Structure formats: C-alpha cells, structure tokens
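Participant: pasting a predicted model and its sequence here:
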Amino acid sequence: MAENGPMWLTRSEDVVAHLYFAAAEIGSATLELGAHKIPGSLSFPNSEQQTFSFFSHGEVDLSTVSIESGQIVRFDYAQGESTYSFISEVLEITDAQARRRWKIRFPNAIERNERRLVRRHRVMGRAGFHVTTDRLADRAPLPLYDVASAGLSIVVATRNNLKVGEGFSATIHIPGCEPVACQLELRNLRPFPGDASRKLAGCRFANLADSDRERLSSTLAKLD
C-alpha cells in the first residue's frame, strides 16, 4: 500500500485506458453483489456507450437477490502485487452462450495500490519496436523504450526542442500489430541512462480510437 493510502484514477481517459489494460492483460475479476462474490472475466470497454461487460463463470444462485438497473456492485482484480478495485452500477443482465453477461457503467474512479496506471512493457533493444513522427528533426524511426495501453516512452536526441505539454502526431510500429497512427501528448522528459545526448520522452495517448487501443492492448498482452 502507498505510504499515503490508496491512489485513485479519476481522469476519464485514464479510466478507459486502464479498463483496456485490465481486459487484455488481467482478464479475471470478482464482482461483489451484497454477500455474493462472483468470479468472471472482463470485456473490452465501449467508450461510446461508457460501458463494459462482465461475464460471470459458473452457476450463481441469485434468486434471493433483487437486481435492478442501477444496482451498485464492486469489482476486485489484481496482477502480481498490483491490486485494483472500483464501485459501479449494473445496467442490465442477459444470458450469452450459457454465461451471464453483466453490462456495467464505467466507474468514476478506480482504486489502486501502486502509482502506475497500467503495466508498461519494456521493449528497448527489441527489433521492430519504434515510432515515426514528422515532429522531430531526426525523422528516422525512434526507438520505443516502453509501451502500454495508456502511452509510451520514446528515445529522442537531446537537441530536439520538445516541450512538456505539447501534442504531436506519430505512428507506432510493434511486431504483430498493424501500425497505429495516434496523437501523443508529451508528459515528461528525463535523462536517458548513460547517454547525455539522448532523453526519454514519456507520452500519453490523446483521443486514441477504441479499435486502435483494442488492437494495441491485445498485442501487448501477448508480449513476454
């Protein structure tokens, strides 16, 4: 647990990015409804509808529970030592191929015990992982340092006049995934370990299309 207690995701784009990560790289979760703890799997979110689906596993007797639209439920899930939870509401329940499908509204906040928003995959030095952009003077492919469903870090020359907060267009190249055209927002610049001529530019995706985030998340889930 963090020294100052739990941390929260509240920015809507961060919540969406996290839900993609949770569906692709964690998958399993537990839904708490009153005294019932129901295991199941998370689906990719639908940003337009502001919903995601939860498919419960096995038979769960809910005959003693009155469930209506707006029913409050809690979700808990984890990856290694990273734990997450949030409270949201049920919009509807249907049956899909012998499984119960719960349609859930996006949460307003997600509680986590670590600072990181999602898992970042360190890919520096691996062939085929790079970014292209017209924003920088050196238009050659820029090495990816790490990448996640919420953003990435690229290696840039120190001479580039980048400013924190600026946005620029780029294309992400990852083996096993079609190139992803996106808008990046520069969040931080930090020294590249052992090389004063380069820096690490930490960027966040801005308005990434659902289809692109889903492809990217699915590909990242398969990385070693």
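Facilitator: Done, it's in.

Participant: can you point out the buried residues in stretch 104-114?
Facilitator: 104, 105, 106, 107, 110, 111, 112 (16 or more other Cβ atoms under 10 Å). (C-beta placed from N, C-alpha, C; glycine too.)

Participant: hmm, I was thinking of stretch 113-131
Facilitator: Going by 16+ other Cβ under 10 Å, stretch 113-131 has these buried residues: 117, 118, 119, 120, 121, 123, 129, 130, 131.

Participant: farthest pair in these?
Facilitator: 117 and 130 (22.7 Å; Cβ to Cβ).

Participant: which regions of the protein sit below the pLDDT cut-off?
Facilitator: 1-6, 60-65, 96-98, 137-139 (pLDDT under 70).

Participant: skipping adjacent residues, who's closest to residue 75 in space?
Facilitator: The shortest distance from residue 75 to any non-neighbouring residue, by Cβ to Cβ, 6 or more residues apart in numbering, is to residue 29 (5.2 Å).

Participant: centre of the chain versus the helix or strand containing that neighbour, how much separation?
Facilitator: Element membership for residue 29 (DSSP states H and E) is strand 28-33. Computed by Cα atoms, centre = their mean, to the nearest Å, the separation of strand 28-33 from the middle of its chain amounts to 19 Å.

Participant: doesn't residue 59 make contact with residue 100?
Facilitator: No: counting by Cβ atoms under 8 Å, residue 100 sits too far from residue 59 to count as a contact (9.0 Å).

Participant: these two - which one has more neighbours?
Facilitator: residue 100 (18 against 8; other Cβ atoms under 10 Å).

Participant: what is the neighbour count of residue 57?
Facilitator: 12.

Participant: what's the separation between it and residue 188?
Facilitator: Separation of residue 57 from residue 188 (Cβ to Cβ, to the nearest Å): 40 Å.

Participant: ok, now residue 150?
Facilitator: Counting by Cβ to Cβ, the gap from residue 150 to residue 188 is 14 Å.

Participant: a helix runs through residue 69, doesn't it?
Facilitator: No: counting by DSSP: H, G, I helix; E, B strand; the rest coil, one finds residue 69 to be coil, located in no helix.

Participant: change the start of the numbering to 166 and stick with it
Facilitator: Done: numbering now begins at 166, and the last item shifts to residue 234.

Participant: can you report how many residues neighbour it?
Facilitator: 11.

Participant: next up, the contacts around the nearest residue to it once chain neighbours are set aside.
Facilitator: Among residues not flanking residue 234 along the chain, residue 256 sits closest, at 5.8 Å (Cβ to Cβ, 6+ apart). Residues in contact with residue 256 (Cβ atoms under 8 Å, 6 or more residues apart in numbering) are 216, 234, 235, 268, 269, 270.

Participant: what residues of the helix or strand residue 256 falls within count as buried?
Facilitator: Counting by DSSP H and E, the element that carries residue 256 is strand 247-261. Using 16+ other Cβ under 10 Å as the burial criterion, the residues of strand 247-261 that qualify are 249, 250, 251, 253, 255, 256.

Participant: quick one on the thing from earlier: more crowded one of residue 315 and residue 353?
Facilitator: More crowded of residue 315 and residue 353, by other Cβ under 10 Å: residue 315, with 24 against 12.
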